[in-house]
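Engineer: Whatever this is, show me its structure:
(one chain, ligands or ions: 2)
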Amino acid sequence: MKTSTAYLLLTVGFTCLAACAAPSRGNGKRLEAKFAELDTNHDGKLDYAEFSKSRVAANSDDPKSLFNKADTNHDAFLSQEEILIAIKSRKG
Ligand SMILES: [Ca+2]
Ligand SMILES: [Ca+2]
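Structural biologist: Numbers count the residues shown, from 1 in each chain. Ligands and ions are numbered 1, 2, ... in the order given. This is a model prediction of the structure:
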């Protein structure tokens, strides 16, 4: 129960993060822009501190677990690819 709720928040949040303005055209450019905005130290990936400033994290009661779920290679960073995977996995 708890897990699926968290997952829903993750997917809804990331979808909004990435696709609110471009719902039918994939997530590329919007995600890139949003990602760059969140990536405050410009290392090309989001660490937890950066992620925690996102709307996704703000809307979650357990942002750490969202982060860990999206971080599929467990390097403690979210790449754009990992975020895209998190978005896409909700669809299928
Ligand atoms: Ca960063
Ligand atoms: Ca990662």
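Engineer: What is the neighbour count of Gly28?
Structural biologist: The number of residues packed around Gly28, counting by other C-beta atoms under 10 Å, is 13. All C-beta atoms are positioned from the backbone trio N, CA, C, and that covers glycine.
Engineer: Check what pLDDT it gets.
Structural biologist: On the pLDDT scale, Gly28 is placed at 72.
Engineer: for Thr15, same thing?
Structural biologist: pLDDT recorded at Thr15 is 63.
Engineer: got the residues of the chain near ligand 1?
Structural biologist: Asp39, Asn41, Asp43, Glu50 (C-beta under 5 Å from the ion).
Engineer: Let's see that with 6 Å instead.
Structural biologist: Contact residues (C-beta under 6 Å from the ion) of the chain with ligand 1: Asp39, Asn41, Asp43, Lys45, Leu46, Asp47, Glu50.
Engineer: Now the second one. Its backbone dihedrals?
Structural biologist: Dihedral angles of Asn41 (phi, psi; degrees, to the nearest 10) stand at phi -100, psi 10.
Engineer: show me what contacts it?
Structural biologist: Asp47, Glu50 (C-beta atoms under 8 Å, 6 or more residues apart in numbering).
Engineer: Go again with 6 Å.
Structural biologist: Going by C-beta atoms under 6 Å, 6 or more residues apart in numbering, Asn41 touches no other residue.
Engineer: Likewise for the first one?
Structural biologist: Contact partners of Asp39, counting by C-beta under 6 Å, 6+ apart, are Leu46.
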